Each structure stands twice: as structure tokens, then as C-alpha cells.
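1. sequence unknown, structure follows:
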């Protein structure tokens, strides 16, 4: 930076050389360094008053405990006389050299009384040290460190061999708050528990009758029949035991995407891409109610287990709560930003759970009609939900992962990774078997507790169909959990059952314990 040149400066300063600020500062620094360089090694003169204060402080800090030390007894004096240098006083007494309280340290002038105490005797040093309180180092040195054998010996004497850690254990943990205090147990790395053995599932029956993709399934609470909805705009009711077609219901003018059967009334509810939600009376086999309000296709239906309300969701990014009897829309659950693909309900809060194509899951407060929690862990569309029949938890299926969650706050439990496809549906029974069906016809079966994938099934298309038509759109367990029903894109309904001849020996679990590395999201 150059100093600005002032053209109006007087003529007397025209001959002054102009330098930059950096040059001027450097010159000043150099001159200051040269000025004080000669006195750098010269120490300031000592002040006698400060020297005296310094010595007095050192005496008080280091030798104050000697001022209040008890006087030596006659036995200690005789011991010191025997072991050290002695000198006779004029009065005939014994004086022990080296036990005077005055410090012999550099810088302290010695008087005629202390000048002869050149070297203290060993006995005198012992006497002074014996009178001092023990130091921290002596206290620590006096502690006894027990070895592993001593610990084992004491444990065997007090509680028997069960209190002794296994000999192969290298890391020991002291367990607090147990019934046997001081129990030694081996520390183990967190590992995945061994999964429960489940028999493999096999194809039992194939039902043909629809002439379009089968998109939805609903089970009868009495476990006698089940209903399927299809792209051929019909609803068919099948006998579960024999697989025969019992009834076909027509009325929708587009694909039937959602079905639900009431446990308290003889009603079947259906929703389709024609924006309609219908209530069918199965005693008369006809529609008795319509629920109007959706602005686009209806994708899923769900009935509340204890209250006479119906929840529907669809492409208008909303879930709607209907009063079954009055056909009134109680709540419109707004918050999702894309198609709401699945909805589940339960008797306790949160009473409604929805999964959407905006990659989020929302837990809803039914009384307020508002979202109480939003789960954003998924990175892809959430197309499927499954609520555990006995535990307070649920699962969500997406193309990136299948995730397990804990009610009521939606706490993440674990990922079930490995089904690398677009997961369209999830099924869960009381035996802790989770089923995921995908767009490419693959079906994976999981152990709910550990997330272990114990079986993979590739659906076979019916004769006359293309291999690309192998896709699973919906799946459901029957009430007993012993039958699995799938709705597929080859226009068939398939029923699976457990292999009753399989045992743990014939179909062992291909599992090895591994260190648990669960993700936090």
C-alpha cells in the first residue's frame, strides 16, 4: 500500500522520500530489536526484600508440619544416640546432630549453633521421618492388589464355582446391583440373536377366474371365505377351504384397488380408481351406501377395529375418515404431498397409520384429525404397511428397505434389507412371519424378531402368460395365520401353506452369528 501523494503539500516536504507502510513498520521493528538486543541476557538485580519473602514462603509451605511435631521420647533419643553421631554438651546432655528444626538449605546463612551440623545422622533422619504423617505415596504403596487367583479363591469360598468366570474369558465385567455382588461375567460383543425356526412355505392352490390384474384381497373374520378385487372391475368371493368361486359382484366402473370386510356387520367395503367407495350388503349382495368425497382414485381401505368408521386413501394425497352409518366424512387427513398408497388402523393411539409415495409415514391422532408424527427414514415410495397382531409395532415396505417401527412414537427398530425390488405388499401373522411381495414376482419371508430372511419364493405365472407378468400386488394371511393368499398380475390368486413335512433337520437355518451392526435410521 503506497501512501497517497498530496499534490497540495508545501514546498518544504517535496524532498522527503515516500515509503510504503510495510517498509516503515519493518524499520521501526528492526530499530526496536537492536535497541534491546544488548540487554537480552542481563538479569535484573535481586531485591533483598523479595528474596526474604520467597524463602519465608518456601519454609512455611515445605516445613510447616515440623513446627507442631511432638517432642522425641527418651527411647527415640537413645535409639538415635546409638545409631548416629553424638556430641556432649557442657551440661553433660546428649545432642543429636542433624535433628535440628532449622533447615539446612542453600542460601540460608548458618549461625554458630548450626554450623557444626554438616551431615545429619541416619538415625536422626529416621526419627524425623517417623514423626511425620504418612504421605499419599506410602498409603498407595501399602494397598494390596489381589490377583485373579485370589479373586477366584475368594469367589469359590463364598459362593461356589458358579461365581467364577469361565476360564476362556479374557474380559471381565463387575456386575453391580445383582443378587451375588461381585459376579464376574465375560463381556461379549453385541451379536444378532439366533432366529426362530419357521417351516418353509409352498404353493398349495392357484385360483383362476379374474380376467384382469388382481389388485386387492380381504379376509372374512370367520375365516370361511375371502374377497379379491381386480382390474376387470369385479369383486369375487372365494371359499377358502375348497378354493371354489362363490360370488361375483359388479358395480365398479374401474379397477378395484381396496377391500375391507366388517367384523360386526355383514358389510364389504370396496374402493376403486373410479373415485368411488362402496358399501356392499352381503345378505342382499348389493350396494347399500356410497361415500363421496375423493377427488381421484382410491388406493386402499381400512376399518377401525372398535369404532364404526372407515378410512380410505388415494391419489388425492389425503386419507378420509367416514362414518359408516351416516356416510359423513368425519376427517380429511391432509399432510402428504403425493399419493397415499396404504393405510392401517388400530384400537389405540396412534389409531391411523398411512404410507405415501412422498416417502413418508404419518401417524395420526384420530380425535384431532391431525398428524402427530412423520417418519422420513424411507428414501422411496412407501407402498405397504403391516401392523403386528400382538406386539405394539409395525412394518413399512419400500423399494429401498423394509423397516420395523415401534408404536406409539414411531421409534425405528431395524432394517430388513435384501428384497431389492419394488415392494407392493406386506403380510404379518402371529407366528412372527413377515412376507413381502414385489413387482417382479419375488416373495421374501422374514423372521420378525431378528430380520432373518429364511425363504425366497419366485412366483410362477400361469400357462399362457408372459414371464414379465409375474408380479405380486397384494398378500394377506388368513385369520389362523396358516394360509397365505397372494393377488398377482398373471390374473390368478395363489394360496400358500407351510410344509408340514419340514423339520429343523431337513431345512436347517443357514445362519451364522455376526456382530450386530444395525443402522440408526
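-> The structure has been received and is ready for your questions. Computed from a prediction, not measured in an experiment: that's the story for all the values here. Numbers count the residues shown, from 1 in each chain.

2. Which stretches in this structure count as helices?
-> 21-37, 48-63, 74-83, 122-131, 136-142, 148-159 (DSSP state H).

3. Could you tell me the least trusted of those?
-> Mean pLDDT across the helices of the chain is lowest at helix 74-83; the value there is a mean of 52.

4. Contacts only, for the nearest residue to residue 426 once chain neighbours are set aside.
-> Using C-beta to C-beta, 6 or more residues apart in numbering and skipping residues adjacent in sequence, the residue nearest residue 426 is residue 386, 3.8 Å away. (Glycine included, C-beta is placed from N, CA and C.) Residue 386 makes contact with 344, 394, 395, 397, 426, 427, 428, 434, according to C-beta atoms under 8 Å, 6 or more residues apart in numbering.

5. Could you list the residues in contact with stretch 227-246?
-> Residues outside stretch 227-246 that contact it (C-beta under 8 Å, 6+ apart): 205, 207, 209-218, 220, 223-226, 247-250, 252-259, 261, 268, 270, 272, 280, 478, 483, 487, 491, 493, 495.

6. Repeat the analysis, applying 6 Å as the threshold.
-> Residues from elsewhere that reach stretch 227-246, judged by C-beta atoms under 6 Å, 6 or more residues apart in numbering: 205, 207, 209-218, 225-226, 247-250, 252, 255-256, 259, 270, 487, 493.

7. again with stretch 492-509
-> 197, 199-208, 214, 228, 462, 483-487.

8. Thought residue 427 was touching residue 435, still the case?
-> Yes - with contact defined as C-beta atoms under 6 Å, residue 435 counts as touching residue 427 (4.2 Å).

9. tell me, what's touching those two both at once?
-> Residues touching both residue 435 and residue 427 (C-beta under 6 Å, 6+ apart): residue 475.

10. Report the buried members of the contacts of residue 386.
-> When those are checked for burial by 16 or more other C-beta atoms under 10 Å, the buried set is 344, 394, 395, 397, 426, 427, 428, 434.

11. Make sure the second one is actually in contact with residue 387.
-> In other words, residue 394. Yes - using C-beta under 6 Å, residue 394 makes contact with residue 387 at a distance of 4.5 Å.

12. ok, back up a step: show me which of the contacts of stretch 227-246 are buried.
-> Buried among the contacts of stretch 227-246 (16+ other C-beta under 10 Å): 205, 207, 209-210, 213-218, 225-226, 249, 252, 255-256, 259, 270, 487, 493.

13. Return the subset of those residues lying in strands.
-> Using DSSP state E, the members of those that fall in strands are 205, 207, 214-218, 225-226, 249, 256, 259, 270, 487, 493.

14. Strands - which of the contacts of residue 386 land there?
-> 344, 394, 395, 397, 426, 427, 428, 434.

15. Tell me the one among these nearest to residue 326.
-> Lowest distance from residue 326 to these (C-beta to C-beta) belongs to residue 344, with 23.6 Å.

16. Can you name the residues that contact that closest one?
-> With C-beta under 6 Å, 6+ apart, residue 344 has these contacts: 302, 353, 385, 387.

17. Now list the buried members of these.
-> For the contacts of residue 344, a burial check counting by 16+ other C-beta under 10 Å picks out 302, 353, 385, 387.

18. With respect to residue 61, which of the residues you listed is nearest?
-> Residue 61 has its nearest neighbour among these in residue 353, at 72.0 Å by C-beta to C-beta.

19. Quick check: the closest one vs residue 387, distance?
-> Residue 353 sits 7 Å away from residue 387, going by C-beta to C-beta, to the nearest Å.

20. again with residue 65
-> Residue 65 is 75 Å from residue 387, by C-beta to C-beta.

21. Just give me the neighbour total for residue 404.
-> 23 (other C-beta atoms under 10 Å).

22. Perfect, I'm done here.
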